[in-house]
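Colleague: sequence and predicted structure, then a few things I'm wondering about:
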Amino acid sequence: MRLRFPIFLSAFLFMLNPTAAQEPSLFRMFIDGENRCFESNGIPNHEVGEFPTRGNPHSISSQEIEVCVPRKPVKNRTLQKIRGVIGIALNGVLFRPNTAGFWDPSARRQHSRHGDQNWSVDIFGLRGKLGLDFNNAHVGRGGMYHYHGIPTGLIRKSKTSLVGYAGDGFEIHYLGDQVSSGWKLKSGLRKEGPEGTFNGMFNEDYHFAGDQNTLDECNGGNLNGRYVYFITKAYPFVPRCLYGEVSKDFNRSR
């Protein structure tokens, strides 16, 4: 994901509640040849929770985001697991469903950035959810406000199911209960790693058990004859993998 630092003018200017971030939301989407491109300062066009807050000590700050994705994405046979940013919403806020936390029995909270990478923390399985606000979003160390789940404020403003684009160019939609995730919690006790039952604290507590009536492993499915990704009410909430060729503008790391 490229971060650019010159100031840009936006085709879309959304005024944010001044008590939330004290600056406007800037977002532009445009076509550049075979690519669909986005420029944003990362500030949402809706109200946000109070930051810093308990569980999230960071303040929202303006970003310089420029990303492009293919206009005509192609679905491959194999998927790519994504740890970092998965896509961008139609207000310039990034989707980043995974956390940087891993099981760490030596840490006070039992997880840290330097824990066992075989057990990655899912934010919705954590007590306090690391300070997520009512938009299922919070702020990273660099001040980047980003979504981990259903972008409530954005959806309330939208007149369509389209909420954004993934890093491979496929659309991201939200249809509520009209689609179902194929991921399920495992049953029983963990045989290794953290003690206890599979309770959803870790991504590895889930397994894919989908069929023709559910979305695929990357929360994808057909909509009006086209392959798209969906945001769901149940895990994984936001896709954690992509089937297309991911744009080099997107950061595939943690």
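Modeller: All right, it came through fine. Numbering: from 1, shown residues only.

Colleague: ranges for the helices of this structure?
Modeller: Assigned by DSSP state H, the chain shows helices spanning 152-157.

Colleague: in it, where is pLDDT below threshold?
Modeller: Counting by pLDDT under 70, the low-confidence segments of the chain come to 1-22, 251-254.

Colleague: in it, what residue sits furthest out from the centroid?
Modeller: Most distant residue from the mean C-alpha position of the chain: K191, 29.6 Å away (C-alpha atoms, centre = their mean).

Colleague: bridged to the nearest residue to P194 once chain neighbours are set aside, which residues?
Modeller: Distances taken as C-beta to C-beta, 6 or more residues apart in numbering put W103 closest to P194, at 5.1 Å, once the chain neighbours are dropped. For every residue, glycine as well, the C-beta is placed using N, CA and C. On the basis of DSSP bridges, W103 is bridged to H111, D116.

Colleague: any idea how far the residue farthest from the centre of the chain is from S40?
Modeller: 44 Å (C-beta to C-beta, to the nearest Å).

Colleague: give the full set of residues in contact with the residue sitting nearest the centre point of the chain.
Modeller: Nearest to the mean C-alpha position of the chain, counting by C-alpha atoms, centre = their mean, stands F95 at 2.7 Å. By C-beta atoms under 8 Å, 6 or more residues apart in numbering, the contact set of F95 is 85-89, 146-147, 164, 172, 238.

Colleague: cutoff 6 Å now
Modeller: Contact analysis of F95 by C-beta atoms under 6 Å, 6 or more residues apart in numbering lists 86-87, 147, 238.

Colleague: bridging residues for it?
Modeller: G87, Y147.

Colleague: tell me, how many residues neighbour the residue nearest to P194?
Modeller: A count of neighbours around W103, defined by other C-beta atoms under 10 Å, yields 20.

Colleague: any idea how many residues pack against the closest residue to A137 other than its chain neighbours?
Modeller: The spatial neighbour of A137 that comes closest, neighbours along the chain excluded (C-beta to C-beta, 6+ apart), is Y147 at 4.7 Å. Neighbour count of Y147, defined by other C-beta under 10 Å: 30.
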